[in-house]
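Student: Structural data only, the sequence is not supplied:
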């Protein structure tokens with residue numbers, strides 16, 4: 001609804017690769033993945049773009065420092 005009416009909103013999604021704790025790399029054997037683990041390579045920024053918003057992938061602090069002011073605009 002916010003996108004439809006061009007209302008400003010900033011949502012920050014942090015991916016810690018899981019619920020409670022995650023994994024840095026997904027093991028090749030699916031049975032070794034903890035039930036609380038999420039895929040560390042999920043492209044949440046593309047999900048935002050698919051919904052008509054602008055998405056940014058930030059992987060470190062310097063990326064956050066560069067992108068946050070642009071996202072706030």
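Tutor: Arrived safely. The structure presented is a predicted model; accordingly, all values stated were derived computationally and were not measured.
Student: Pull the contacting residues for the residue positioned nearest the centre of the chain.
Tutor: Using Cα atoms, centre = their mean, the residue of the chain that lies closest to the mean C-alpha position is residue 44, 4.0 Å off. Listed by Cβ atoms under 8 Å, 6 or more residues apart in numbering, the contact set of residue 44 reads 13, 15, 55, 57. Quick note: C-beta positions are derived from backbone N, CA and C, even for glycine.
Student: got a list of contacts for the longest helix seen in the chain?
Tutor: Counting residues, the longest helix in the chain under DSSP state H turns out to be helix 61-72. Among residues not part of helix 61-72, those counted as contacts by Cβ under 8 Å, 6+ apart are 10, 54, 56, 58.
Student: Show the buried residues in those.
Tutor: Taking 16 or more other Cβ atoms under 10 Å as the criterion, what is buried in these is 56, 58.
Student: Tabulate the contacts of helix 61-72 in CSV, adding columns for pLDDT, secondary structure and distance to residue 26.
Tutor: Conversion of the contacts of helix 61-72 to CSV gives the following (pLDDT from 0 to 100; DSSP: H, G, I helix; E, B strand; the rest coil; distance: Cβ to Cβ, whole Å):
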residue, pLDDT, secondary structure, distance to residue 26
10, 86, coil, 30
54, 88, coil, 28
56, 92, coil, 23
58, 89, coil, 21
